[in-house]
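**Student:** build me a structure from this.
(chains A and B)
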Amino acid sequence: KQEVTQIPAALSVPEGENLVLNCSFTDSAIYNLQWFRQDPGKGLTSLLLIQSSQREQTSGRLNASLDKSSGRSTLYIAASQPGDSATYLCAVSSAGFQKLVFGTGTRLLVSP
Amino acid sequence: GAVVSQHPSWVICKSGTSVKIECRSLDFQATTMFWYRQFPKQSLMLMATSNEGSKATYEQGVEKDKFLINHASLTLSTLTVTSAHPEDSSFYICSAGTGGFTDTQYFGPGTRLTVL
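**Tutor:** This next block holds a predicted model:
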């Protein structure tokens, strides 16, 4: 059974810092990995999707890497801003197309 | 971009009543829709997968007779929580995709269910 863990569970940083969120998964047989953002009481916003054959994806200040063999992914956020405050979830697709297993999430607070 | 809507956005009901939540793909046809449940400060847990015109596939531990899912068209799936109880209070989120291994799921904004 696929299990996805995210470290740290919570993170508080001052504005402007570069930060790294970690995601690990137990079964390396994945189709893809996605990073999502969730604001309190809201749905999910897809940030980045990395196919299993890819090593990384970039969008603006966000960069996600994938090391499938070791079961790890990192989300790098450059020059953090208060608007980045949210919960970040990673999810892997395995055991059938599109079936997502979500991680435990990292609650990020960026203070001005 | 693809948009998925949910209705209602929140609902409060009495214990023992049934509640229906709708999930619609507004600008694309969704062959597959997924229903997730999220308890406070926890991650999303997949409840079931529904394919248009066929029975839903439920995850282990999810009561199919309690959580009725209907995917009658390529743009609409409904989740009915039957005989709701306070422990069913949660945030329910649907997602939709057009299918395929590399396809992206598009998530709805969620429905907050509170059972008194």
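**Student:** didn't A:V4 look like it was pressed against A:G105?
**Tutor:** No: if you go by C-beta atoms under 8 Å, A:V4 and A:G105 don't touch, sitting 9.9 Å apart. C-beta: built from backbone N, CA, C; applies to glycine.
**Student:** which residues of the chain score low on pLDDT?
**Tutor:** Assuming you mean chain A. A:95-98 (pLDDT under 70).
**Student:** not quite, go with chain B.
**Tutor:** Applying pLDDT under 70 to chain B picks out residues B:1, B:99-103.
**Student:** spell out which residues of it are next to chain A.
**Tutor:** Residues of chain B found near chain A (C-beta under 8 Å from any C-beta of the partner chain) are B:6, B:32, B:34, B:36, B:42-46, B:49, B:91, B:93, B:95, B:97, B:99-110, B:112.
**Student:** which helix or strand contains the most centrally placed residue in chain B?
**Tutor:** Centrality entry for chain B: nearest residue to the mean C-alpha point is B:W35, 3.5 Å, by C-alpha atoms, centre = their mean. Under the criterion of DSSP states H and E, B:W35 resides in strand B:32-38.
**Student:** in its sheet, what does that strand sit against?
**Tutor:** With DSSP bridges as the test, strand B:32-38 is paired with strand B:44-51 (antiparallel), strand B:90-97 (antiparallel).
**Student:** buried residues in the first one?
**Tutor:** Meaning strand B:44-51. Going by neighbour count (16 or more other C-beta atoms under 10 Å in any protein chain shown), the buried part of strand B:44-51 is B:44-50.
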